[in-house]
Structure formats: C-alpha cells, structure tokens
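Undergrad: No letters, just coordinates:
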C-alpha cells in the first residue's frame with residue numbers, strides 16, 4: 001500500500017514539473033515594444049528634434065498609464081544631413097532590433113530608410129508629409145503615412161478649386177523642382193475636372209498680366225513676395241487667388257498686403273488639443289509654442305505622438321511583435337470606427353483647413369474642406 005502511495009506521489013510531482021516547464025516555455029505575450037526614431041538633431045531641420053523628443057516622451061508616459069498599458073522603449077538616432085549619414089543612421093537603428101521606426105521628416109532621408117528596410121523589414125510610420133514615390137515595390141507596404149502626401153494635397157486643392165465653379169485657371173510656378181512637380185499634378189487634376197488651364201513661370205509678369213483667368217494659383221516659395229510686389233493691382237482684379245502652403249506667410253508689413261484680401265489656401269487639418277499643447281510645453285521646459293512655426297511644430301508633435309500610440313494600439317490588437325503580423329495589424333487600425341490607412345499606407349480620410357487672407361495681410365481659418 002505504501003508502495004502505491006509513493007508511486008502516486010512521484011507521478012503527481014512529475015506532472016507538476018512538466019506543467020511548470022511547459023508554462024515557462026510558453027513565453028506569454030507581453031505588451032511591450034521597441035520604437036526607433038530617426039530624429040532631426042542637426043542641420044536645417046534641427047528645430048524639429050526637441051519637439052519630436054518631447055512628443056515621444058509624452059506618448060511613452062501615456063501608453064504606460066493607459067487602461068491597457070504598453071511599455072515602450074525608445075531609441076533615438078540623428079537622421080543626418082547627407083545620404084551617407086542617412087545610411088549610417090539607419091544601420092545604427094536597425095542594429096538595435098527595433099519593432100517599428102518613426103521616419104525622418106525629410107523625404108531624401110526617408111527614401112534611404114525605405115530602401116534599407118527591404119532586408120528584414122519592420123513597419124515605418126511617417127509623421128510628416130513625404131514624397132509619394134518613396135521606396136521600391138517591396139518596401140512600400142511597410143510605410144504608413146500619418147500626414148497627407150504632396151499629391152493628396154494637390155488633388156485636394158484641385159477638388160476645392162473645381163467645386164468653386166471656376167472655368168479657367170492660371171498657374172504661376174516657381175523654379176524649384178518641387179514647384180514643377182506640383183505644376184504637373186495640379187494641371188492634370190484640374191484638366192480632368194473640366195477646367196481650362198494656363199501656366200506661366202512666375203517671373204514672366206508681362207505674360208501673366210495679359211491673362212484674364214477666373215482664378216490664379218501660385219506655386220512658389222520666396223518668389224511670391226516679388227510677384228505680389230510687381231503685380232498688386234492685377235492680383236486685385238483676379239476673382240480668386242489660391243496659394244499653396246509654401247506661399248503662406250504674414251505679409252502685413254508689405255505695402256501691397258491689402259491686395260491679398262480673399263486669397264485662400266488649404267492646409268492639412270491636424271487637431272491639437274489644449275491639454276496636449278500644455279503638456280508639450282511643460283516637457284519642453286514651459287517653452288512658449290507661438291510664432292510663425294508654431295502650427296507646423298504642433299502638428300508634427302501631434303503626429304509623432306500619434307505614431308507611437310498607433311503602433312501600441314496595433315500591438316494590443318494584433319498580439320504579436322512578429323514584423324509581418326505587426327504590419328498587418330497597423331494596416332487595420334481604426335480610430336473612432338474609421339480606418340486610418342488605405343491599402344497603400346496613405347491616410348484613408350483627409351480634411352483641410354480653409355485659410356483666407358483679410359485686408360491686413362494675415363490669414364485665418366474660415367472653414368473646413370474634405371475632398372473624400
């Protein structure tokens with residue numbers, strides 16, 4: 001009888017040991033992830049670095065304290081200012097074995113990232129507007145854009161102009177490659193919507209002054225100041241003038257400022273709550289977020305914060321850090337019941353602020369526009 005009891009006890013111990021070993025080997029899912037950030041710490045975009053770091057810090061804190069907490073470990077690497085520096089930065093970040101990467105805010109650096117992500121890829125989230133043709137066919141499916149692309153903005157403007165009922169449009173364009181790319185896209189978008197389109201280099205003021213369009217679209221950068229200075233009276237005679245974001249500015253100090261009255265532009269709408277703005281200022285040492293760049297910087301901060309939050313949400317919903325499964329989970333993420341990304345990784349829904357100049361040479365938001 002004692003022998004039977006000893007055998008039973010031995011069997012019970014064996015079963016318990018096997019159970020405990022199986023539990024230890026199961027490696028249950030843990031809600032934690034590693035995010036790499038290619039941040040601008042040097043060069044012309046260095047002003048954005050502190051803003052992005054502050055936004056990520058807030059996101060890490062909030063994800064850890066949420067109802068379904070996710071522990072986020074962050075690695076920062078300066079994106080660099082040249083192609084060689086970009087490549088070194090990407091290699092450094094990939095060597096850290098991160099689960100997802102927040103893309104640099106400059107298209108050339110993001111292109112390097114997209115190419116080098118083809119081997120052992122991980123999801124890339126972009127908080128800033130980047131070129132439409134980043135990466136090869138194999139790498140595109142790993143890139144998700146939380147900001148509208150240049151083509152989305154141009155086609156949004158074309159929809160806005162067409163819905164205003166204009167019949168003819170003159171596009172005055174600057175010499176930069178970006179302007180010529182915009183010209184091609186906008187001309188095509190307007191023509192297929194039935195509008196007559198004329199184009200002219202912005203410096204050919206005599207040719208422009210002879211035209212009588214229903215609407216003028218200005219695609220340039222700093223050349224806009226010279227243009228308005230040369231043709232202030234003519235601009236006032238054009239029924240409607242449209243600008244792109246690179247032309248937006250405070251022109252109140254110029255003698256021709258009043259001629260801009262009624263001029264409109266579209267700017268991607270980014271909702272930045274008062275609470276987020278306040279918390280961001282605290283993290284930045286109570287820095288006052290005002291000035292010409294404040295709206296752009298706040299939008300970048302919000303999108304950077306959203307990038308971290310989105311990956312954490314995808315991790316919780318997909319319950320896996322395996323790159324392909326995490327990528328698939330990101331592609332399915334919804335906010336307020338609506339998908340964030342389309343099948344190509346672009347924003348599914350876009351909305352724009354309609355900005356309009358008053359007689360003072362300054363602009364303000366007058367309405368919202370959705371081209372969807």
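TA: That came in fine, so what should we check first? Please read all numbers here as calculations on a predicted model, not as lab measurements.

Undergrad: count of residues packed around the closest residue in space to residue 208 that isn't next to it in sequence?
TA: Of all residues beyond its chain neighbours, the one nearest residue 208 is residue 200 (5.3 Å), with distances taken as Cβ to Cβ, 6 or more residues apart in numbering. Where C-beta positions appear, they are placed from N, C-alpha and C, glycine not excepted. Residues within reach of residue 200, counting by other Cβ atoms under 10 Å, total 16.

Undergrad: Let's verify residue 200: helix, strand, or coil?
TA: Taking DSSP: H, G, I helix; E, B strand; the rest coil as the rule, one finds residue 200 in the strand state.

Undergrad: Distance check, it against residue 180.
TA: Distance, residue 200 to residue 180, by Cβ to Cβ, to the nearest Å: 13 Å.

Undergrad: Quick one: the strands in the stretch 201-350 of the chain, in order.
TA: Secondary structure of the stretch 201-350 of the chain (DSSP state E, counting those that start in this stretch): strands at 215-219, 240-243, 264-268, 334-335, 338-339.

Undergrad: Give the pairing partners of the third one; include direction for each.
TA: Applying DSSP bridges, strand 264-268 is found paired with strand 240-243 (parallel), strand 352-357 (antiparallel).

Undergrad: So which residues make contact with that strand?
TA: Outside strand 264-268, the residues within contact range by Cβ atoms under 8 Å, 6 or more residues apart in numbering are 129, 147-148, 153, 156-157, 160, 240-245, 247-248, 295, 299, 350-357, 363, 369.

Undergrad: sorry, back to before: reformat the strands of the stretch 201-350 of the chain into TSV and put mean pLDDT next to each item.
TA: As requested, the strands of the stretch 201-350 of the chain are exported to TSV (pLDDT from 0 to 100):
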stretch	mean pLDDT
strand 215-219	95
strand 240-243	96
strand 264-268	95
strand 334-335	92
strand 338-339	94
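
Undergrad: Mean neighbour count and distance to residue 310 added to these, as CSV?
TA: Listed next are these as CSV, based on neighbours: other Cβ atoms under 10 Å; distance: least, Cβ to Cβ, whole Å:
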stretch, mean neighbour count, distance to residue 310
strand 215-219, 25, 32
strand 240-243, 22, 31
strand 264-268, 22, 17
strand 334-335, 12, 8
strand 338-339, 11, 12
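
Undergrad: Out of those, which gets nearest to residue 49?
TA: strand 264-268 (21.7 Å; Cβ to Cβ).

Undergrad: Between strand 215-219 and the closest one, find me the angle.
TA: Going by axes from the mean of the first three to the mean of the last three Cα atoms, to 10 degrees, strand 264-268 is angled at 50 degrees with respect to strand 215-219.

Undergrad: Pipe the strands of the stretch 201-350 of the chain into JSON lines and attach distance to residue 140 per row.
TA: Shown next, in JSON lines, are these (distance: least, Cβ to Cβ, whole Å):
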{"stretch": "strand 215-219", "distance to residue 140": "27"}
{"stretch": "strand 240-243", "distance to residue 140": "31"}
{"stretch": "strand 264-268", "distance to residue 140": "21"}
{"stretch": "strand 334-335", "distance to residue 140": "22"}
{"stretch": "strand 338-339", "distance to residue 140": "18"}
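
Undergrad: Which among these is found nearest to residue 98?
TA: For residue 98, the closest of the strands of the stretch 201-350 of the chain is strand 334-335, at 23.4 Å, according to Cβ to Cβ.

Undergrad: Relative to the closest one, what are the paired strands and their orientations?
TA: The partner list of strand 334-335 in its sheet, established with DSSP bridges, is strand 338-339 (antiparallel).
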